[in-house]
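K.L.:
Pasted the sequence and its predicted model underneath.
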Amino acid sequence: MSPGPAGARRRVRRRGRAPAEEERPPDTPGEFILEWLRGRAGASARASPFGRFMLHQMNTTREHAAPSSALLVFPTPFPEAWSLVRGGGCDLGRHARRRRRRRLLAELWVNCQLGYITFVTLGSPKAGYTHFVPGGSPDAWHREVARRLLSRARGFCQTGGGDIPTQGRGRARLLQLFRSCDIGYNMTADVGNTVAEDVDETKVKLPKVPGVLRPADVLRGERREVVLDMERLILPVEQQPVRTVRACHQISFENEVALARRMVASGQAELVEESSLPRGRDGSLLKGGLFAVPHSKGRQRLILDRRPLNAVEQKLPWCHLPHGSLYKRVVLEPGETIRGSGDDLESYFFLLSHENNWIRRNSFGRRVSGQWAEQLGGESRRSYRLCMKVWAWATSTQPV
């Protein structure tokens, strides 16, 4: 029995449909790098020097490329991968085409990685690529580097990392920045380059009992002496900035009043008369500000912007710990074992107390006077500032 007109129309629609792999959105790193090369590096008017360099590498054959003997100048290891960017037909079947695409996406990723290393090694040239693009075939060392990168790129370029949330921190933020970035130096991203938020007092989590640990009780020797007398960290006047930095203070008056009550009641902050606070070379009050960054479960992390005071103090480079990812490279002798443990202490920095002589160098926020001062234990006719009694986030002179 011959199909009716509806069946014929359905069959036509199925036949005219493009392959599934061409329609899917760029949900993997391999697809993202392909989109970048096709849609943005391909627009020469907007391309950055690196984008132009990559386009030149893509359009330069090994036979016509200039030779280079620099160790970190890599000939393109996988020229066939550029065919994805150029486009074109393919005579392979559906499954073979998918396998080929996955392979070429990984190779394209490696081409871009090594292309960037080459670009930086050559001094980030803006033009004259004919004299820079390495020619010939990769030698044994270059092939080994490309092989190792490719072994990791295969899995990396095929995995989208699961469902990535559109709101929040971590992967969501990275995804937003990646999708909004461009390769030009004068481009504006679709999302801001900061995660600073206005402080919402109801979302800020503070410790019930702050300042339970006094660093001077656990430090020894010179470090303990410095913590007891941190005024030695203040730079000489001639080395201090001529102009005082203005701190970021993103909190409404109503939220600041409510937050101040909590901080004073718990012992996290106290009132200090404004006349006793330090000033910069230009006579401006050296005070910080408060802002927030997103935290887990809809909460906010309170940040003290202490740049005005950090600029006139030395840093304490006591603790130089490697990044956590480097621990996987620890080499053990036969028979040796390594064991580690850790914990994410809630509101960690707020648990460290300042010495009394350093509290006045941690002022922040609006002037406190009148009825507000009385509510916080001061006198209405005097002018105060709130000062942190504990180590806060973004304090550069952290002793531990």
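P.N.:
Everything's here; your move. Being a predicted model, the structure only gives us computed values, none of them experimental. Residues are numbered from 1 along each chain as shown.
K.L.:
From residue 379, how far off is the residue lying closest to residue 349 once chain neighbours are set aside?
P.N.:
Leaving out its chain neighbours, the residue that sits closest to residue 349 by C-beta to C-beta, 6 or more residues apart in numbering is residue 391, at 4.6 Å. Quick note: C-beta positions are derived from backbone N, CA and C, even for glycine. Using C-beta to C-beta, to the nearest Å, residue 391 is found at 29 Å from residue 379.
K.L.:
okay, those two: which has more neighbours?
P.N.:
residue 391 (24 against 13; other C-beta atoms under 10 Å).
K.L.:
Which stretches in this protein count as strands?
P.N.:
Using DSSP state E, the strands of the chain run over residues 269-273, 289-294, 300-305, 363-368, 384-388.
K.L.:
for those strands, which one ends up most surrounded?
P.N.:
Mean neighbour count (mean count of other C-beta atoms under 10 Å) peaks for strand 384-388 among those, with a mean of 24.
K.L.:
where along the stretch 301-400 of the chain do the helices fall?
P.N.:
Secondary structure of the stretch 301-400 of the chain (DSSP state H, counting those that start in this stretch): helices at 307-310, 370-375.
K.L.:
so which of those comes closest to residue 348?
P.N.:
helix 307-310 (19.3 Å; C-beta to C-beta).
K.L.:
Now do that closest one, average pLDDT.
P.N.:
Average pLDDT, helix 307-310: 92.
K.L.:
Tabulate the helices of the stretch 301-400 of the chain (CSV), appending distance to residue 352 and mean neighbour count.
P.N.:
Formatted as CSV, the helices of the stretch 301-400 of the chain follow (distance: least, C-beta to C-beta, whole Å; neighbours: other C-beta atoms under 10 Å):
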stretch, distance to residue 352, mean neighbour count
helix 307-310, 17, 20
helix 370-375, 27, 14
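K.L.:
Domains in the chain, by residue range?
P.N.:
The chain is divided into the following domains under automatic domain parsing: 17-180, 215-316+346-388.
K.L.:
mind checking how far residue 340 is from residue 78?
P.N.:
Distance of residue 340 to residue 78, given as C-beta to C-beta: 39 Å.
K.L.:
more crowded one of the two?
P.N.:
Using other C-beta under 10 Å as the criterion, residue 340 and residue 78 rank with residue 78 on top: 18 against 7.
K.L.:
So that one sits against residue 143, correct?
P.N.:
No: using C-beta atoms under 8 Å, residue 78 makes no contact with residue 143, being 10.8 Å away.
K.L.:
Touching stretch 260-268 from outside, list them.
P.N.:
Residues outside stretch 260-268 that contact it (C-beta atoms under 8 Å, 6 or more residues apart in numbering): 201, 206-211, 269-271, 350, 365, 368, 372, 375-377, 386, 388-390.
K.L.:
What is the neighbour count of residue 343?
P.N.:
Using other C-beta under 10 Å, residue 343 has 6 other residues around it.
K.L.:
pLDDT score for it?
P.N.:
At residue 343, the pLDDT value in this model is 71.
K.L.:
Next: the one 5 residues further on.
P.N.:
According to the per-residue confidence, residue 348 scores 75 in pLDDT.
K.L.:
same check, this time on residue 48
P.N.:
72.
K.L.:
distance of it from residue 110?
P.N.:
20 Å.
K.L.:
for residue 303, same thing?
P.N.:
39 Å.
K.L.:
Repeat that for residue 268.
P.N.:
Residue 268 is 51 Å from residue 110, by C-beta to C-beta.
K.L.:
top helix in the chain by residue count?
P.N.:
In the chain, with assignment by DSSP state H, the single longest helix is helix 94-121.
K.L.:
got the buried residues for that helix?
P.N.:
101-115, 118-119 (16 or more other C-beta atoms under 10 Å).
K.L.:
likewise stretch 80-88?
P.N.:
Quick answer for stretch 80-88 (16+ other C-beta under 10 Å): 81, 82, 84, 85.
K.L.:
just checking, which of these belong to helices?
P.N.:
Using DSSP H, the buried residues of stretch 80-88 in helices are 82, 84, 85.
K.L.:
Same list (these) but as TSV, adding distance to residue 328 and pLDDT.
P.N.:
What follows is those, written out as TSV (distance: C-beta to C-beta, whole Å; pLDDT from 0 to 100):
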residue	distance to residue 328	pLDDT
82	34	85
84	32	84
85	34	79
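K.L.:
wait, which of these is closest to residue 94?
P.N.:
Among those, and counting by C-beta to C-beta, the member closest to residue 94 is residue 84, at 16.8 Å.
K.L.:
you'd agree residue 358 is up against residue 230?
P.N.:
Yes: proximity of residue 358 to residue 230 meets the contact threshold set by C-beta under 8 Å, at 4.9 Å.
K.L.:
Quick check: chain neighbours aside, which residue is closest to residue 292?
P.N.:
residue 300 (3.9 Å).
K.L.:
wait, isn't the one you found in contact with residue 206?
P.N.:
No: with contact defined as C-beta under 8 Å, residue 300 does not reach residue 206; the gap is 10.7 Å.
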